[in-house]
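Engineer: coordinates for the following, if possible.
(one chain, ligands or ions: 2)
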Amino acid sequence: MPPTSSPRSSPPTLSIVVPIFNEVECFPKLLERLLVLAGRLEGCELEILFVNDGSTDGTGALLDAAAAMHPAVKVLHFSRNFGHQAALTAGLDHAEGDFVCIIDADLQDPPEIIPDLLGRAREGFDIVYAQRRSRTGESWFKKATAALFYRLLSAVCRVPIPMDTGDFRLVSRRLVLALRSMREPHRFIRGMVPWVGFRSVAFPYDRQERFAGTTKYPLMKMIRFAADAVLSFSNVPLRISTFIGLGMTCLSALGILVMLYLRLFTVYTVPGISAVICLILGVGGVQFIILGMLGEYVGRIFEQGKNRPLYVVAATANLKL
Ligand code: UDP
Ligand code: MG
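Structural biologist: Numbering: from 1, shown residues only. Ligands and ions are numbered 1, 2, ... in the order given. Predicted coordinates:
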């Protein structure tokens, strides 16, 4: 279960949540830029909450060292890699701030714009999402698939998911509390935030190049993430199968009528075996597609039924659970 909103003794104003997985090259620069930022945010108490998603490259030791030097740095270490969305969830579960900002560890999201995001939130917006005006240093493949994905998603989802946004955003505490109550195992936080429905505003920014290292989202992980997005926010795929089924039924009814007509009123007949093979292949294919789609949803119900925790924390620094 998520930690409930326990009474906070002098809560920080802003929590910065950073999911981090094998970012040993990026971490020193990231910490430096975040600490500079903390200096700039006068009168605003800050906590920087790193969620170590089972790193195996020494990131964990760097995090502990940083926590020992800076009381504002807090760390949750997962027992293994649970994935980016689980790491974000843990961060949101443990962030104490009146506002919470989610940011990636690879410096693609510039921390320097956080004060601007905070400014907009203070104007009364519960969600200030950073929207990518441009994205340098990413492959044409990543850009093209991302553009296609966001457009496809908005076509099939009822929830208005803003275009070209990642998880880089600043949200209010009441939005965080709403998110904590949503415990679905297949998580697409970019869709869950607009689902809550509070006031939101976009803040355009230029996405930077990854500071160092390589992406932690290889193609298969990206595909799984995209499938989670579509399947957990839309039942359009289920309906598509109904429409395909209806279409097939109408087609075969038409075919039967044509065959009957030819047989009864003309001298022509359709060669039996080829027509039968085509029909069997067509109908069989459609049935398998529909079964597969149903399977995707049933599998998700199965996962939800198990009701397992979304992550397991192995250790913490500067943080009591
Ligand atoms: N990340 C994570 N767990 C994972 C994969 C990624 O916590 O299993 C973190 C990663 O360290 C980074 C953020 O999620 O802070 C986004 O990952 P990445 O930059 O590799 O994704 P991309 O920007 O290439 O989509
Ligand atoms: Mg990145």
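
Engineer: contacts and neighbour counts: CA atoms only from here.
Structural biologist: Noted.

Engineer: enumerate the residues of the protein near ligand 1.
Structural biologist: 19-21, 23, 53, 83-84, 87, 104-106, 215-217 (CA under 6 Å from any ligand atom).

Engineer: recalculate using a threshold of 8 Å.
Structural biologist: Proximity of the chain to ligand 1, by CA under 8 Å from any ligand atom, involves residues 18-23, 51-54, 81-85, 87-88, 103-106, 108, 210, 214-218, 222.

Engineer: where helices are concerned, which of these count?
Structural biologist: In this view, these that belong to helices under DSSP state H are 84-85, 87-88, 222.

Engineer: now, among the residues you listed, which is nearest to ligand 1?
Structural biologist: Taking CA to the nearest ligand atom as the measure, ligand 1 sits nearest to residue 84 out of those, at 3.7 Å.

Engineer: could I get the contacting residues of the closest one?
Structural biologist: Going by CA atoms under 8 Å, 6 or more residues apart in numbering, residue 84 touches 19, 53.

Engineer: one step back: give me the buried subset of the residues of the chain next to ligand 1.
Structural biologist: 18-23, 51-54, 81-85, 87-88, 103-106, 108, 210 (16 or more other CA atoms under 10 Å).

Engineer: show me where this structure has helices.
Structural biologist: Secondary structure of the chain (DSSP H): helices at 27-40, 59-69, 84-94, 114-122, 140-156, 173-180, 189-196, 219-233, 236-265, 272-306.

Engineer: so what does the second one touch, helix or strand wise?
Structural biologist: Okay, so that is helix 59-69. Here helix 59-69 touches strand 46-52, strand 73-78, strand 313-317, going by 3 or more CA pairs under 8 Å, 6 or more residues apart in numbering; DSSP states H and E.

Engineer: want to throw those into CSV with mean pLDDT?
Structural biologist: Conversion of the helices and strands packed on helix 59-69 to CSV gives the following (pLDDT from 0 to 100):
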stretch, mean pLDDT
strand 46-52, 97
strand 73-78, 98
strand 313-317, 98
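
Engineer: compare these and give me the one nearest residue 130.
Structural biologist: strand 46-52 (18.7 Å; CA to CA).

Engineer: list the buried residues in the closest one.
Structural biologist: Within strand 46-52, the residues scored as buried using 16+ other CA under 10 Å are 46-52.

Engineer: now do that strand against strand 73-78, angle only.
Structural biologist: Orientation check (axes from the mean of the first three to the mean of the last three CA atoms, to 10 degrees): strand 46-52 against strand 73-78 gives 20 degrees.

Engineer: and stretch 21-30, how far out from the chain middle?
Structural biologist: Relative to its chain's centre, stretch 21-30 lies at 21 Å (CA atoms, centre = their mean, to the nearest Å).
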